[in-house]
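In: Okay, sequence plus prediction incoming.
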Amino acid sequence: MADKKKNILVVEDEKMTARLIVYRLKSLGHDVLHIEDGVDALKWIKENSPDVIVLDVMLPGMSGFEILENLRDDDEFDLSNTRVLMLSTKSRAEDISRGFGLGAVEYLPKPFKMDEFLLRLQRIMAENEST
Amino acid sequence: MIELINDHAFSFIYYVLLVMAALTLFVLVTTVISRWYSERRTYRRELLEEELGEKIVSYVSGDLSLEEVQNSLHNRLDYQVMLKLVYKLEKSLEGVEEKRLQELMEVEATRDHFLKRFKSDDVILKAKACLYMSRRKSIQKESVREMVKLSASREPILAYAAATAVIAHGSMGQKATALRSVLYNREISRMAIGDLFVKFSRYGEEYHIREMEVISAMIEDPKVVPERKAILIRIFDELEYYHSLEFLLEYYRPDHPPVVMKALINLLAKFGVEEILPDIHQNFSVSNDPEIRKAAADAMGFFKKEESIPVLKRLLNDADYRVRYAAASGLAGYDQVDLMGLRNEVSDPEELDKLMGEILAEKGWGG
Amino acid sequence: MAWITDLLIAANILALLYFLVVNGSYITLILLSWLQVRESRRQDNLFDLSGLFDTDLYRSASILAPAYNEEISIVESTRTLLNLQFSNYEVIVINDGSTDRTLDKLIENFDLREIDRYIPKRLETELVRRVFGSKKHPNLYVIDKENGGKADALNAGINASRKDLIFSVDSDSLLEEDVLKRMLTAFTLDQETVAVGGVVRVANGCTFRHGVVDSVRVPDSYIERAQAVEYLRSFLFGRSSWDYLDSLLIISGAFGVFDREAVIRIGGYLTDTVGEDMELVVRLHRYYIDNKIPYRIRFLPHPVCWTEVPDNRKTLGRQRNRWHRGLADTLFRHRKMLLNPKYGRLGLFAMPFFLFVELLSPVIELAGYVLFIVSWLLGVINFTFFLLFFTVALLLGVIMSVLSVLLEELTMKKYDRVRDVMVLVLYAFLENFGYRQMHVWWRFRGLIDFIRGKKEWGKMVRKKTF
């Protein structure tokens, strides 16, 4: 069931990386949207509840951590239907544990291998399916 | 003179006004032209970034061949934009994708472009060319030798960039020469040095035996200043070169300069070498250098030996706050020490409360 | 009576010469800055390529944000500070005994709670009452202390800092997100760098979105526009040229990064001066030269901080009065460096320039105005000469400002529209009628106040741009 079409949001401010991710995910048949700015991303997430979010940490306007905090503190929003994969150059242990603490299910440090990224994404989408 | 000015004042004013008018006109025209030019260029760049970006993305994903990308590159701007996009993407990628990107950098025209720069006298252009070289898959032996020479340049940027390229492509001997030149250059910052050694290690073999030997030789090199030796010792720690222990034990002598000593104590404690404890108790904990006393306190906190407790208690009253902090932090790790009781041992119990509060909170026991 | 005429003629010629020398050197400085800005851009470019910023080996920084009665803006400004692009930094907000709800606002919005954090008293400060940490933002700390002024608050922040570098910011300023990265290039470029300043630009008229500058426009009023031109001239190109000459004496209080140990070694900020930012930099120079330690103090033209400038004469007048008192105070405290060959180009060129050109120019310019009127009334010079003097003065002033606008357009191109650049060119003229004279007057009053021993800051009233 893992290849079922998903609604994926990519929040990433480095254009080329974002384009590559979007390209690969689209070619797998998913619905993909890319947003660069943290504040805009948060707004969009609250309105559209995507299945999966690929989230960078350092973003203009609002950091990836803050987006997660905001979603967690928002009573009207239910994060449990959304899977978050964090993708960041911030790869110190405290950053990673902060990401998991805020509800991310995967944390991939940059630089990353595309195959590994897609593999982990498949996996969390499959988990999403089973819950 | 006054008469002269008085007589010709009106013509002076006339000229002055003329100059001002000309100046304004000049600025206006320059502004409009430079804006127009730069906007056109930005527009063309953006268009190109869009187009080439698409191609690079599908090339990296394996949907487009190298030739197809090459065919769309025609002029200098094309190459510049392509390289910029490749560099950006390369920073976030590893593995197959990174390799494909590197192949893109091997395109002939790009290589020529940088070779020309490499021959220029401009430091920054040269440095850019070196950085480009460092990212290529392989470069000619001749060029590597050239880079080794450049790594001894007085210009920190150029020396750094050249050393990066040598580390990527040189033989172990060449790498060692380049790194030594960089170490001798006082102007190169410790961030740049750290970065070079991380790269050195990344390009190395699995167990870094020879890398370790190269660094060890540098630590023993009398021409390397103590500050830099300390950096090298810390690099053993950061890169987790556990097999450097043997060398370190041999190198260890209590009479090294304080900066080196401090780095040594830190690392040996981390490696669990209890043999240094007597020196810590007798020499380092009473050293004149607060940094050494701090390193001693940290080490005692690390080993958690019963016999260190009185020494640590004494250091709670040290003149330097960093030592007091390290001593309190160390004592907090001993199960057999009554932390409340320590208040009677210090001259400023309130400060100790603050210290302990923070230390315990950080260890996750407090509030 | 003949001797009076002779004297007046001599004085007139002297005044004219002073004018030519001063303006000539300004124009030279601005041209020098062009070289510097271009070079620095090329270096920046190189840094982007090198990947040096992508490692964690970088030096860490504490951002120190003193706050005194800032309840309107504190939450927003703190939030922007928490979102800078840099891997290892902490933000320390120092509540300097505010009497409004500054602290409450911080506690509510950032989920603060009191924590134990040991603050060594390496610099003497007023009593620190409490330290707060945030669960939401592990790198945010708030220090609540008794009121002691901005310099005292900064010193408390320095004591509390656990990082290599300290970065002082003003609450009425907004930093661009990449500033820390950019400022640190100077430290990475040269091992001996101890302090770095960046550009302060006028935020009035610009629009901001989520704490990021969205569009760059010129402000609306005469007084703000004149300042926009002035900031380009003196803060961007003036300071770049001092950097080119390796003799930078000022780093704006709103925007400077310092090596923490270096600042502590020289005793921190002085609390009994109104010009603590300039004083600190001059003292650093002095310390390093006295002790014969190699060092660098840099200015970088690319990191940008947007600041809200006063939009009315009263506030602006107070600000300039204070700046001038600060300048006078710093030069007076360090008068030993003046014309002292031991201090090299600082003592022989930069300090005399600041004394004779920056500090005394209002006196000389005012004296010039009076002199000319008297000479004209006495018939020593005729009206055309009088007119001539003013056109020449105007010309030189215009050249300086127009050059700055031109350089901005050739190098930075921050302003979005050509229209705005035109407005700036226009104001390069207009600032000479009114703004310049007011400026002379404020600075003159500042000098008088300094001589009388006035120490207050003068109240600043903020409007809200961000």
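Out: That came through fine. Quantities reported herein were computed from a predicted structural model and do not represent experimental measurements.
In: Now for residue C:274, how many residues are close by?
Out: Using other Cβ atoms under 10 Å in any protein chain shown, residue C:274 is surrounded by 28 other residues. For the C-beta atoms, the positions are set from N, CA and C on the backbone; glycine is no exception.
In: right, and it touches residue C:324 too?
Out: No. Counting by Cβ atoms under 8 Å, residue C:274 does not reach residue C:324; the two are 9.5 Å apart.
In: and the residue lying closest to residue A:56 once chain neighbours are set aside, what does it touch?
Out: Spatially, and ignoring its direct neighbours in sequence, residue A:56 is nearest to residue A:12 (4.5 Å; Cβ to Cβ, 6 or more residues apart in numbering or on different chains). By Cβ atoms under 8 Å, 6 or more residues apart in numbering or on different chains, the residues touching residue A:12 are A:18, A:21, A:34, A:36, A:54, A:56, A:59, A:87.
In: The fifth one: helix or strand, and which one exactly?
Out: Looking back up the chat, that one is residue A:54. In the assignment (DSSP states H and E), residue A:54 maps to strand A:52-55.
In: helices or strands next to that strand in the packing?
Out: When contacts are defined as 3 or more Cβ pairs under 8 Å, 6 or more residues apart in numbering or on different chains; DSSP states H and E, strand A:52-55 packs onto strand A:7-11, helix A:64-73, strand A:83-88, helix A:114-130.
In: and of those, who's closest to residue C:263?
Out: Closest to residue C:263 of the helices and strands packed on strand A:52-55, according to Cβ to Cβ: helix A:64-73, at 30.5 Å.
In: now the closest one against strand A:7-11, angle please.
Out: For helix A:64-73 against strand A:7-11, the angle by axes from the mean of the first three to the mean of the last three Cα atoms, to 10 degrees is 140 degrees.
In: now helix A:64-73, how far from the centre of its chain.
Out: On the basis of Cα atoms, centre = their mean, to the nearest Å, helix A:64-73 sits 12 Å off its chain's mean C-alpha point.
In: can I get the CA coordinates of that helix in PDB?
Out: C-alpha atoms of helix A:64-73 as PDB (Å, rounded to 0.1, in the frame of the first residue of the first chain):
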ATOM      1  CA  GLY A  64      11.300  24.100  11.600                       C
ATOM      2  CA  PHE A  65      11.300  23.500  15.400                       C
ATOM      3  CA  GLU A  66       9.000  26.400  16.000                       C
ATOM      4  CA  ILE A  67       6.600  25.100  13.400                       C
ATOM      5  CA  LEU A  68       6.400  21.800  15.200                       C
ATOM      6  CA  GLU A  69       5.900  23.500  18.500                       C
ATOM      7  CA  ASN A  70       3.200  25.600  17.100                       C
ATOM      8  CA  LEU A  71       1.400  22.600  15.700                       C
ATOM      9  CA  ARG A  72       1.800  20.800  19.000                       C
ATOM     10  CA  ASP A  73       0.400  23.700  21.000                       C
END
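In: For the chain, give me the ranges with low pLDDT.
Out: No chain in the question, so chain A it is. Low-confidence segments of chain A, defined by pLDDT under 70: A:1-3, A:128-131.
In: try again with chain C
Out: Applying pLDDT under 70 to chain C flags residues C:1, C:49-58, C:454-466.
In: Residue of it nearest chain B, please.
Out: Nearest to chain B, among the residues of chain C, is residue C:116, at 2.6 Å (Cβ to the nearest Cβ).
In: tell me the contacts of that residue?
Out: For residue C:116, the contact set (Cβ under 8 Å, 6+ apart) comprises B:353-358, B:360-361, B:366-367, C:131.
In: Flag the least confident of those.
Out: Checking pLDDT across the contacts of residue C:116, the minimum falls on residue B:367 at 34.
In: just the residues of the stretch 51-200 of chain B that are near chain A, which are they?
Out: B:53-54, B:56-58, B:60-61, B:63, B:85, B:88-89, B:91-98 (Cβ under 8 Å from any Cβ of the partner chain).
In: Next step: those residues restricted to helices.
Out: Per DSSP state H, helices hold the following members of those: B:53-54, B:56-58, B:60, B:85, B:88-89, B:91-92, B:95-98.
In: what two of the residues you listed have the greatest distance between them?
Out: Using Cβ to Cβ, the pair of these lying farthest apart is B:54 and B:95, separated by 21.9 Å.
In: and chain A, which residues reach chain B?
Out: Going by Cβ under 8 Å from any Cβ, the residues of chain A near chain B are A:14-17, A:19-20, A:23-24, A:27, A:89, A:110-116.
In: And those residues, which of them are buried?
Out: Buried members of the residues of chain A next to chain B, counted by 16 or more other Cβ atoms under 10 Å in any protein chain shown: A:14-17, A:19-20, A:23-24, A:89, A:110-112, A:114.
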